[in-house]
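Asks: Sharing a sequence plus its predicted fold:
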Amino acid sequence: MVRISFPFMGLLLLCGLAVMANGEYMKYKDPKQQLNTRIKDLMDRMTLEEKIGQMTQIERKVATGDVLKKYFIGSVLSEGGSAPAPKASAKAWINMVNQLQKVSLSTRLGIPMLYGIDAVHGHNTVYKATIFPHNIGLGVTRDPALIKKIGEATALEVRATGIPYVFAPCIAVCRDPRWGRCYESYSEDPKIVQAMTEIIPGLQGEIPAGSQKGVPFVSGSKRVVACAKHYVGDGGTTNGINENNTEISKNGLFGIHMPGYYNSIIKGVASIMVSYSSWNGVKMHANRELVTSYLKNTLRFRGFVISDYQGLDRITTPPHANYSYSVETGIKAGIDMVMVPYNYTEFIDILTLQVQNKIIPMSRIDDAVKRILRVKFVMGLFEKPMADTSLVNEIGSQEHRKLAREAVRKSLVLLKNGKSADKPLLPISKKAPKILVAGSNADNLGYQCGGWTITWQGLSGNNLTSGTTILKAIKNTVDPATQVVYRENPDVEFVKSNKFSYAIVVVGEPAYAETFGDSLNLTIPEPGPSTITNVCGSVKCIVVVISGRPVVIQPYLASIDALVAAWLPGTEGQGVADVLFGDYGFTGKLARTWFKTVDQLPMNVGDSHYDPLFPFGFGLTTKPRNK
């Protein structure tokens, strides 16, 4: 054992005090200091290189230790489907995030990086995570308290993988179901979208009473930074074409597409993502009037504004045609953090040169960095930068699956129940001798979850993640003596010759995301229509539609006995069977208008030409059977 004399200890203490006096005490590292003091202290120490690094967000595939260190990268993301390994565990995610974080903390100023991921219906990139219904179904529930709980559960599962930032919620107001992102929208009605912003305090925590409006708020290590997107008007493009032009008056834009942002900002949302789309011909990524003058100055939003994926590139047509112009225009418009997944060196070099040549004022860079640092300080990232493994069991927990199952039940809309009102078919008996289950979407977990599930575009089949298909849910629910026969696309002869009590036909759309989902015809792909025709012409049938929007159903309606819109319910297909068999009643009301023909589109409630197949707010109800 080494003995140290007291005089020597005193000398060490004096040396330590001297070091403190020489400026080693850094106010920005002291959580007792006021927020603005910490921001100013850190900003005063930063070089231009370090500031531009904070404004840069890159894909994890290129986020090596050397890159993070050399460019002082402030943020890393997982693009759609980007994981450390196929079927990676929560611990594998944590290890990846922590390795990156260690590098960030080893830089000169030790500013922690912020890792972001899309978690648009649960932690959707992660194997075995709970996949909640997509927003189109959640809007049907008209239940903000439920949506808040979904936000809380999603935050826990995201934090379980060491990630503190989600690119959610999407608060688009989809005005045309031909849009491939319509399922990411809660409703065509801005009032429902406003109500559903309650997911933000679920994700971030409840903003303290008396808080200054517009200041970001994230309460601790079980919550995440949220991101309201896509600012603004993304759901109103011409013909529903993704990333297209939204032609609408200022009153229309502010009355339909902006209200969700008011609520998000009041609830302390920490970041806002700019839309690829344009407003009356001006790209949103280039729109200084709406991003800086209105969002930052008028609404007093104090969080940071982030671009969409390669959003600056798309300021020009074709993308990246004049990148120097795009960088200047986007940064001057008011974008603070730029998603440049792979092209980061070009972005950094151009922006550095533009600041040095006074094309972009230093004040604009400082505004961006202050906003980013404000969020990092508010969320406690400086105090607790490293992820731990204490939440790993939250991934796909039974409690969260139970919540998702409740959300599925409440998101179902009963559109038809029996050939006449006095002879309803639903709820159906669990004790029928023999039932047929048919359709391409009955035993396909990937189709049931839709896009943004494990991969960007989603998948087909049942081995993508852990969940319950509707077929499995039916088998789980019926009486043990009931025979359940499954045929994906049976012919008429098979249906007629088997003496089924009734049939459940589950058809709809395959998985898709964004532009790949744009559709001018909105038809259910074959063999869906053939299955409806073959089955419903021969036996009593319930048709369950799995889709990201209303689809063409009018030609088949007369032959269908009962019709259910189940949207994209996610992993908990048991929620569908819960209501079909009467353990719970149908309660959902359409949050979107269901058209007769696509020629009517766009058609929204209140339009002069409003003539729907099923109007906004429609939904038949049933009572639960006595158990």
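Replies: Looks like it came in fine. Numbering: from 1, shown residues only.

Asks: OK, contacts around the nearest residue in space to residue 356 that is not next to it in sequence?
Replies: If the residues on either side of it in the chain are set aside, residue 356 comes closest to residue 48, at 7.7 Å by C-beta to C-beta, 6 or more residues apart in numbering. C-beta coordinates here come from the backbone N, C-alpha and C atoms, glycine included. Shown in contact with residue 48 (C-beta atoms under 8 Å, 6 or more residues apart in numbering): 352, 355-356, 362, 365.

Asks: Now a ChimeraX select for only the buried ones of these.
Replies: Buried members of the contacts of residue 48, defined by 16 or more other C-beta atoms under 10 Å, are picked up in ChimeraX with:
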select :352,355,365
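
Asks: In helices only, show me the contacts of residue 48.
Replies: Taking DSSP state H, the ones among those that sit in helices are 352, 355-356, 362, 365.

Asks: Columns distance to residue 137 and pLDDT on top of these, output as CSV?
Replies: Below are these laid out as CSV (distance: C-beta to C-beta, whole Å; pLDDT from 0 to 100):
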residue, distance to residue 137, pLDDT
352, 46, 98
355, 46, 98
356, 51, 98
362, 47, 98
365, 42, 99
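
Asks: ok, the residues you listed vs residue 300, which is closest?
Replies: residue 365 (20.6 Å; C-beta to C-beta).

Asks: Just to check, the closest one is in contact with residue 52?
Replies: Yes. At 7.0 Å, residue 365 counts as touching residue 52 under the criterion of C-beta atoms under 8 Å.

Asks: which neighbours do these two share?
Replies: residue 355.

Asks: pLDDT wise, what is the spatially most central residue of the chain at?
Replies: By C-alpha atoms, centre = their mean, the mean C-alpha position of the chain lies nearest to residue 120, the distance being 1.9 Å. Looking at residue 120, its pLDDT stands at 98.

Asks: for residue 15, same thing?
Replies: 39.

Asks: residues in contact with residue 601?
Replies: 176-178, 240, 595.

Asks: Identify, from these, the entry nearest to residue 540.
Replies: Distances from residue 540 to those, taken by C-beta to C-beta, are shortest for residue 595, at 26.7 Å.

Asks: mind giving me a markdown table with the ones in helices among the contacts of residue 48 and columns for distance to residue 273?
Replies: Shown next, in a markdown table, are the ones in helices among the contacts of residue 48 (distance: C-beta to C-beta, whole Å):
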| residue | distance to residue 273 |
| --- | --- |
| 352 | 24 |
| 355 | 24 |
| 356 | 29 |
| 362 | 25 |
| 365 | 20 |
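
Asks: Please pick the buried ones from the contacts of residue 601.
Replies: Going by neighbour count (16+ other C-beta under 10 Å), the contacts of residue 601 have 176-178, 240, 595 buried.

Asks: Taking those residues together, which two end up most distant?
Replies: 240 and 595, at 12.0 Å, using C-beta to C-beta across those.

Asks: Inside helices: which ones of the buried ones among the contacts of residue 601?
Replies: Within the buried ones among the contacts of residue 601, no residue falls in helices by DSSP H.

Asks: if we take those residues, which one ends up nearest to residue 259?
Replies: For the buried ones among the contacts of residue 601, the nearest to residue 259 is residue 176 (18.5 Å; C-beta to C-beta).

Asks: Wait, that closest one touches residue 242, no?
Replies: No. The criterion here is C-beta under 8 Å, and residue 176 misses it with residue 242 at 10.8 Å.

Asks: Low-confidence bits of the stretch 151-300 of the chain, can you list those?
Replies: Across the stretch 151-300 of the chain, not a single residue meets the criterion (pLDDT under 70).

Asks: ranges for the strands of it?
Replies: 165-166, 227-231, 245-246, 271-274, 278-279, 282-283 (DSSP state E, counting those that start in this stretch).

Asks: Around the residue lying closest to residue 157 once chain neighbours are set aside, how many other residues sit close by?
Replies: Nearest non-adjacent residue to residue 157, counting by C-beta to C-beta, 6+ apart: residue 123, 4.1 Å away. Using other C-beta atoms under 10 Å, residue 123 is surrounded by 33 other residues.
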